[in-house]
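Participant: Next come a sequence and a model predicted from it.
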Amino acid sequence: MILKPPNLNHLAIIMDGNGRWAKERKLDRLSGHKEGAKSAKKIIEACSNLKIKYLTLYTFSTENWSRPQIEIDSLMVLLSSMLKNEIQELERNNIVFNVVGRVEDLPKSVQNIIANTIERTKHNTGLVLSLALSYGGRQEIIDAIKKIGASKKSEIIDEEIVKNHLYCPEIPDPDLIIRTAGEYRLSNFLLWQSAYAELYVSKKNWPAFKEEDLIQALKDFENRNRTFGKLID
């Protein structure tokens, strides 16, 4: 395994293609989500081994609430099961668990499991794993503006003030965003934070995305010339 690129601190992934993976195999969508969860576990382990400090996975968007209720319920059960089964693994691998998004929108039982997982891993010092749950980039910006207005601490609004009112201001902006399933869009993911993120698109559906695909993305990132809008001689 290669070492992570020295200037990659935060990796974010849009895990797309679970349904398409299942459809290609004439399976139901839940089978695709279950297989996608297995891929997520492997990629989390790989990122932890690579000493990547922050990993954010786009798990359930605000738009996903419009899906059929049976699929939403199945996803919530799958999420709860994964967290219950993997808590000891998170502790063993020194991983900090975090959630970004409107947690209050989730079922109370899921909220309780999330809170317990956050509490049990908060003293770990390794990879900070964030699941974007009931998350939307536009909603995050709207919520930040509402918080700023409610605080009434400043009449001047600048980038720093907005950043400090986002869901997780302590997490740095992503350096690289990987999207699977061949789609070239952000889909309302980390809109504020991704201003200067590098994008990498894999044609593979998420359940088929393996550790070697992650390594290929990191190698590609290592060869990027990031100027952040500045002129480089």
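Facilitator: Thanks, I have it. Numbers count the residues shown, from 1 in each chain.

Participant: Glu86: what's it in contact with?
Facilitator: Shown in contact with Glu86 (Cβ atoms under 8 Å, 6 or more residues apart in numbering): Lys41. Every C-beta, even on glycine, is put in place using the N, C-alpha and C of the backbone.

Participant: how close does it get to Ser61?
Facilitator: 22 Å (Cβ to Cβ, to the nearest Å).

Participant: remind me, longest helix of this protein?
Facilitator: helix 69-92 (DSSP state H).

Participant: tell me the mean pLDDT over it?
Facilitator: Over the span of helix 69-92, the pLDDT mean works out to 95.

Participant: same check, this time on stretch 150-170
Facilitator: Here the average pLDDT along stretch 150-170 is 88.

Participant: Name the SS class of the residue nearest the centre of the chain, please.
Facilitator: Nearest to the mean C-alpha position of the chain, by Cα atoms, centre = their mean, lies Leu57 at 2.0 Å. Under DSSP: H, G, I helix; E, B strand; the rest coil, the three-state class of Leu57 is strand.

Participant: Quick check: it touching Tyr135?
Facilitator: No. Judged on Cβ atoms under 8 Å, Leu57 makes no contact with Tyr135 at a distance of 10.3 Å.

Participant: backbone phi and psi for Asn49, please?
Facilitator: In terms of degrees, to the nearest 10, the main-chain angles of Asn49 are phi -70, psi -30.
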